[in-house]
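>>> Requesting a structural model of the entry that follows:
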Amino acid sequence: MNTIIDEESAQKVETVLQKFIDESGATYVLLTDMGGNLLFKVGEENFDGDTLAVLSAANYAATKEIATLINEDNFSLLFHRGNNENIHFAKISPDVLMIILFKPYLSLGLLRLKIESIQKEITELLGNE
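Down below sits the predicted model:
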């Protein structure tokens, strides 16, 4: 991803992500490129966001390779369930991965619908359609 994001677009992306958190009930959301470079982060953070970005991108890449190995194009859902937090990975564009932390009592289906509703807006703001 070789896109330069101007300050106005960056503020709009952060606004979209904050609205996503407010409407979905997610705890934390970040956008990273496929190399693990943190682009944006919004929400309650009590951990190292940069490390989460790198590990998440690596996890996504490994899962994609597993899919290829078993003759799948990809897996439609990449999700980890925990006792206190769940994490969902969504490919927003060919170059951007969205990582969402949310409490176990929240609906994954609703979260995925909310992601779909902002995906085009984010890709347009990033100039990454």
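>>> Every contact and neighbour count from this point should use C-alpha atoms.
Noted.
>>> And the helices in the chain, which stretches?
7-24, 49-69, 108-126 (DSSP state H).
>>> Mind checking which residue lies nearest the centre of the protein?
M98 (1.0 Å; C-alpha atoms, centre = their mean).
>>> Now for the closest residue to it other than its chain neighbours, how many residues are close by?
Closest residue to M98 apart from its sequence neighbours, by C-alpha to C-alpha, 6 or more residues apart in numbering: L31 at 4.6 Å. A count of nearby residues for L31, using other C-alpha atoms under 10 Å, gives 25.
>>> now the helices of the chain in CSV, with mean pLDDT, mean neighbour count and distance to N84?
Output for these, formatted as CSV (pLDDT from 0 to 100; neighbours: other C-alpha atoms under 10 Å; distance: least, C-alpha to C-alpha, whole Å):
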stretch, mean pLDDT, mean neighbour count, distance to N84
helix 7-24, 93, 16, 17
helix 49-69, 93, 16, 16
helix 108-126, 90, 16, 15
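>>> Now tabulate those helices in CSV and tack on distance to V42.
Shown next, in CSV, are the helices of the chain (distance: least, C-alpha to C-alpha, whole Å):
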stretch, distance to V42
helix 7-24, 6
helix 49-69, 10
helix 108-126, 14
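>>> So which of those helices is nearest R81?
helix 108-126 (10.4 Å; C-alpha to C-alpha).
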